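Participant: output the structure for:
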Amino acid sequence: MAADKTTSLEDLRTKTDDQLTTELTELKREQYNLRFQAATNQLENPARMREVRRTIARIKTLQNERAAAATKEKA
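Facilitator: Below is the predicted model:
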């Protein structure tokens, strides 16, 4: 399972800022839908909520790292 996480992170690192923003939007929409499914007891895979939440965190972390690097380069 740890190999999946590193592969996912490596895949995210190869994406551009626009691609990351698009994927973040899609994941937030999926998270919203999963929350509704959970509330109505129609959720088929509860583990997917955790995966989505963690992927969102990975993307946000990567975006923050890139923003900090860009700020550092300007200074």
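Participant: so residue 44: helix, strand or coil?
Facilitator: coil (DSSP: H, G, I helix; E, B strand; the rest coil).
Participant: and for the closest residue in space to it that isn't next to it in sequence, the neighbour number?
Facilitator: Nearest residue to residue 44 in three dimensions, chain neighbours excluded: residue 37, at 7.7 Å (C-beta to C-beta, 6 or more residues apart in numbering). C-betas here are computed from N, CA, C, even on glycine. Using other C-beta atoms under 10 Å, residue 37 is surrounded by 16 other residues.
Participant: and the helix or strand harbouring residue 37, what does it pack against?
Facilitator: With secondary structure defined by DSSP states H and E, residue 37 is part of helix 17-39. Helix 17-39 sits against helix 47-74, with contacts defined as 3 or more C-beta pairs under 8 Å, 6 or more residues apart in numbering; DSSP states H and E.
Participant: tell me how far residue 61 lies from residue 43.
Facilitator: 26 Å (C-beta to C-beta, to the nearest Å).
Participant: likewise for residue 64?
Facilitator: For residue 64 relative to residue 43 (C-beta to C-beta), the value is 30 Å.
Participant: tell me which of these two has more neighbours.
Facilitator: residue 43 (16 against 10).
Participant: excluding sequence neighbours, find me the nearest residue to that one.
Facilitator: Nearest non-adjacent residue to residue 43 (C-beta to C-beta, 6+ apart): residue 37, at 4.3 Å.
Participant: and residue 30, how many residues sit next to it?
Facilitator: Neighbours around residue 30, by other C-beta under 10 Å: 16.
Participant: all good on my end, thank you.
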